[in-house]
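Chemist: here you go, sequence then predicted model.
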Amino acid sequence: MRLWEKKQGDALRCRICPHNCLLGDGERGICGARENRQGKIDLITSGFISGYALDPIEKKPLYHFHPGSMILSVGSYGCNLSCDFCQNFQISQNVTLGQSRHIEPAVLVRQAALTRGNAGIAYTYNEPVIWYEFVTETARLAAAEGLTNVMVTNGYVNPGPLEEYIRVIDAFNIDLKAFSNEFYRNYTGATLKPVLDSIKAIASSARHLEITTLIIPGLNDSPEEMKREAEWIAENAGTGVPLHLSRYFPMYRRSTSATPAETILALREIAEEYLDYVYTGNMGSDDGGSNTICPSCGTVAIRRSGYNIKITGLTDDGKCMNCGRQIIETELNQADPV
């Protein structure tokens, strides 16, 4: 697939994301990772690693995809959004490769395959859609070794590259920043519709999907907006898609006070009117908001405390032990209920 097209003179138009950056020779796109180099667009961050850790898969967060497993998580530099509240701004808004570790795809896959207890590779930390060549090559090699591939992304990607990601990625968590185009334009430098289109495309595929929204006071925390978001997800992605509502804390250029816990809990109640699984994150206490509850009978299927989980109400094949409803489609890491 052609990721760029030639324009007048030495200019090239990048086609990875909806910014569709027009780049003269030597210029980089908004993401900081893709550069016009002598007639072609190069991924200058290919193989450069900003973060490398074996994480609980719940940390992505993915609660319904191989719950209880660990996954090798890697990230690079750059992002195609410019959120003033970015939680990883040190690597997303600053492409500095000098001291970075460099790993080829085959080496990364070999390390992942040899890591005990590891389920696969998660492409995360910064924005992975701009890391296209590295991610797709690595993901194909990982799949051949029986490893799963996970992407944590803002979903701001053009349909062509997204189709290829859907071919090679097993599970996505889409960071839906808000349900307002005004929010996207003012606080991310992007637009809402391409993200919604990505969610619909993934939901209509056979790939696993979960969605996260960071709730920021005064920007995207109104009951009306949460109602619209949850209703849209239910109608376009399905009532069974997990939604994670994450509590904001001051970061990067935004000094707004942290989101009150009461706001998160109130918004969860609204979202639960439309969606089967709504979780709360960054709450600082075990309020039960991270537990998986059977929507049919109320049985606690998975009990979570931080990133520690206990399978309390599921059969080995992911069904509710009380009523038989299918809750988890993938393998459980903790086979024996406790």
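Modeler: Happy to help now that I have it. Numbering: from 1, shown residues only.
Chemist: how far away is Asn333 from Pro56?
Modeler: Distance, Asn333 to Pro56, using CB to CB, to the nearest Å: 10 Å. From N, CA and C alone the C-beta is placed, and that goes for glycine too.
Chemist: compare these two (neighbour count), which wins?
Modeler: Pro56 (20 against 16; other CB atoms under 10 Å).
Chemist: follow-up on the earlier one: joint contacts of Asn333 and Pro56?
Modeler: Common neighbours of Asn333 and Pro56, using CB atoms under 8 Å, 6 or more residues apart in numbering, are Gly68, Ser69.
Chemist: and the longest strand for the protein?
Modeler: strand 208-215 (DSSP state E).
Chemist: mind listing what the closest residue to Cys320 other than its chain neighbours touches?
Modeler: Once flanking residues are discounted, Cys320 sits nearest to Cys294: 4.2 Å by CB to CB, 6 or more residues apart in numbering. By CB under 8 Å, 6+ apart, the residues touching Cys294 are Val300, Ala301, Gly313, Cys320, Asn322, Cys323, Arg325, Ile327.
Chemist: how about low-confidence regions in the stretch 51-200 of the chain?
Modeler: Per-residue confidence for the stretch 51-200 of the chain (pLDDT under 70) gives no ranges below the cut-off.
Chemist: so the residue nearest to Cys320 versus Ser92, what's the distance?
Modeler: According to CB to CB, Cys294 stands 37 Å off from Ser92.
Chemist: same check on Arg304?
Modeler: Distance from Arg304 to Ser92, by CB to CB: 27 Å.
Chemist: so the residue at minimal distance from the centre of the chain, which of the three states?
Modeler: The residue lying closest to the centre of the chain (CA atoms, centre = their mean) is Val152, at 2.3 Å. Assigned with DSSP: H, G, I helix; E, B strand; the rest coil, Val152 falls in the strand class.
Chemist: what sits against the closest residue to it other than its chain neighbours?
Modeler: Among residues not flanking Val152 along the chain, Thr124 sits closest, at 4.0 Å (CB to CB, 6+ apart). Counting by CB under 8 Å, 6+ apart, Thr124 touches Gly51, Lys60, Ser73, Val74, Gly75, Val150, Met151, Val152.
Chemist: repeat that for Glu329.
Modeler: With contact set as CB under 8 Å, 6+ apart, Glu329 has these partners: His64, His208, Gly318.
Chemist: dig out what the second one forms beta bridges with.
Modeler: On DSSP bridges, the residues paired with His208 through beta bridges are Ala171.
Chemist: need the buried ones from the contacts of Cys294 selected in PyMOL.
Modeler: Burial among the contacts of Cys294 is assessed by 16 or more other CB atoms under 10 Å; the matching PyMOL selection reads:
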select buried, resi 300+301+313+320+327
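Chemist: pretty sure Asn154 contacts Phe172?
Modeler: No - using CB atoms under 8 Å, Asn154 makes no contact with Phe172, being 11.0 Å away.
Chemist: and the strands in the stretch 201-338 of the chain?
Modeler: Secondary structure of the stretch 201-338 of the chain by DSSP state E, counting those that start in this stretch: the strands cover 208-215, 243-247, 278-281, 292-293, 300-305, 308-311.
Chemist: tell me where the model's unsure across the stretch 201-338 of the chain.
Modeler: Looking at the stretch 201-338 of the chain by pLDDT under 70, you get 334-338.
Chemist: in stretch 83-103, which residues are buried?
Modeler: Buried-residue list, stretch 83-103, by 16+ other CB under 10 Å: 83-89, 91-93, 95, 100, 103.
Chemist: now swap in stretch 198-214 and tell me
Modeler: Buried-residue list, stretch 198-214, by 16+ other CB under 10 Å: 198-199, 201-203, 207-214.
Chemist: which among the residues you listed gets closest to Leu114?
Modeler: Top of the list for closeness to Leu114, among these and by CB to CB, is His208 at 25.0 Å.
Chemist: and of the strands of the stretch 201-338 of the chain, who's closest to Ala190?
Modeler: Among these, strand 208-215 comes nearest to Ala190, with 14.9 Å by CB to CB.
Chemist: just checking, what packs against that closest one?
Modeler: Counting contacts by 3 or more CB pairs under 8 Å, 6 or more residues apart in numbering; DSSP states H and E, strand 208-215 packs against strand 171-175, helix 193-203, strand 243-247, helix 261-271.
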